[in-house]
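A.B. asks: Need the 3D shape of this:
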Amino acid sequence: MGENPKLTIEDFEKATSNKELLEIIREKNIPIDKPMNKIFYESELKKLQIELVKLQKWVSKNNKRVAIIFEGRDAAGKGGNIRRFTEHLNPRSTRLVALTKPTEVERGQWYFRRYIKELPNPGEIVFFDRSWYNRAVVEPVMGFCNEAQYDNFMVQVPEFEHMLYEDNMVLIKFWFSISKNEQLARFNSRLETPLKRWKFSPVDRMGQELWDKYSHFKEQMFSKTHTSYSPWITVKANDKKVARLESIRYVLSQFDYEGKDEALTTVLPDPNIIMRYYRSAKQLD
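C.D. replies: Residues are numbered from 1 along each chain as shown. I've put the predicted structure just below:
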């Protein structure tokens with residue numbers, strides 16, 4: 001077998017531009033798809049984050065209230081997406097909400113009360129890493145709520161969201177969709193990586209065992225809470241980086257903020273990755 005093709009010092013000296021260097025690399029059949037994809041991702045992400053900074057400034061200036069919900073199965077990439085959204089935003093007018101399990105007092109209150117306290121103030125964008133929709137999927141799957149509590153929630157949530165809509169609060173609901181095999185691969189990665197091990201919990205472990213039960217309650221949630229004024233936006237998330245870029249594009253596409261026409265990249269999401277929920281559409285999960 002021949003040696004793997006390599007770039008030499010002479011190649012670098014001969015090339016007078018990045019374009020010429022790329023031509024030499026291609027002539028030598030050196031595989032560069034992976035690094036090129038990484039370069040493209042980093043470049044696109046930076047351009048989109050510039051637009052998010054503009055959007056935040058516009059939201060603040062016009063006293064808009066924006067809540068973005070990130071839902072999906074365990075390991076679907078919710079936290080990673082939120083980090084890319086918030087990385088360069090002003091923390092004074094941005095909040096992350098990731099509530100722990102309710103206290104004894106909260107369990108005796110109206111279910112939505114603990115979330116109402118976290119809704120955005122004028123000029124603020126709030127990111128929900130999971131939300132009131134815990135009661136639509138995780139809680140019934142894991143037995144954390146009873147049937148009456150679940151039924152009440154499913155009846156009340158469209159009315160609750162309609163009140164938010166009528167009060168001019170912008171609510172964006174993302175569902176990050178991954179396949180069963182991809183979830184398993186991400187669970188294994190978490191267990192093998194010391195810095196990610198904290199993410200893995202006993203509830204996560206049940207995600208694979210109870211996959212079909214999760215699917216049932218997810219479909220119930222979509223069919224009863226997907227409305228014209230508060231639609232579910234599904235994101236094909238097996239490719240983490242593509243999901244991050246396209247979900248940012250979707251959020252940007254929903255606002256007519258100042259400087260949008262000067263964006264350095266498209267702010268329109270790929271309809272093959274981002275789509276409104278449709279009963280007939282095939283999902284990864």
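
A.B. asks: Show me which residues of the helix ranked longest in the chain are buried.
C.D. replies: Ordering each helix of the chain by length in residues (DSSP state H) puts helix 33-61 first. By 16 or more other CB atoms under 10 Å, the buried positions in helix 33-61 come out as 41, 44-45, 47-52, 54-60. In short, each C-beta sits where N, CA and C put it, glycine included.

A.B. asks: Closest one to residue 249 out of those residues, please.
C.D. replies: Using CB to CB, residue 48 is the member of those that lies nearest residue 249, at 6.6 Å.

A.B. asks: What strand or helix carries residue 96?
C.D. replies: Element membership of residue 96 [criterion: DSSP states H and E] is strand 94-97.

A.B. asks: helices or strands up against the longest helix of the chain?
C.D. replies: Helices and strands touching helix 33-61, by 3 or more CB pairs under 8 Å, 6 or more residues apart in numbering; DSSP states H and E, are helix 78-86, strand 124-129, helix 240-253.

A.B. asks: quick check: angle from that helix to helix 240-253?
C.D. replies: 30 degrees (axes from the mean of the first three to the mean of the last three CA atoms, to 10 degrees).

A.B. asks: chain center to helix 33-61, what's the gap?
C.D. replies: Mean-position distance between helix 33-61 and its chain equals 15 Å (CA atoms, centre = their mean, to the nearest Å).

A.B. asks: Whichever helix or strand comes after it pairs with which strands, and in what direction?
C.D. replies: Note on helix 33-61: by DSSP H and E, the next helix or strand toward the C-terminus is strand 65-72. Applying DSSP bridges to the sheet, strand 65-72 is found paired with strand 124-129 (parallel), strand 170-177 (parallel).

A.B. asks: Identify whichever of these lies nearest to residue 103.
C.D. replies: strand 124-129 (18.7 Å).

A.B. asks: Give me the residues contacting the closest one.
C.D. replies: 56, 59-60, 65-70, 78-79, 82, 85-86, 89, 93-98, 118-120 (CB atoms under 8 Å, 6 or more residues apart in numbering).

A.B. asks: Now do the contacts for residue 269.
C.D. replies: Taking CB under 8 Å, 6+ apart, we find residue 269 in contact with 246-247, 249-250, 253.

A.B. asks: Now which of those residues would you call buried?
C.D. replies: Going by neighbour count (16+ other CB under 10 Å), the contacts of residue 269 have 246-247, 249-250 buried.

A.B. asks: Next secondary structure element downstream of the strand holding residue 96?
C.D. replies: Heading C-terminal from strand 94-97 (DSSP H and E), you reach helix 104-107.
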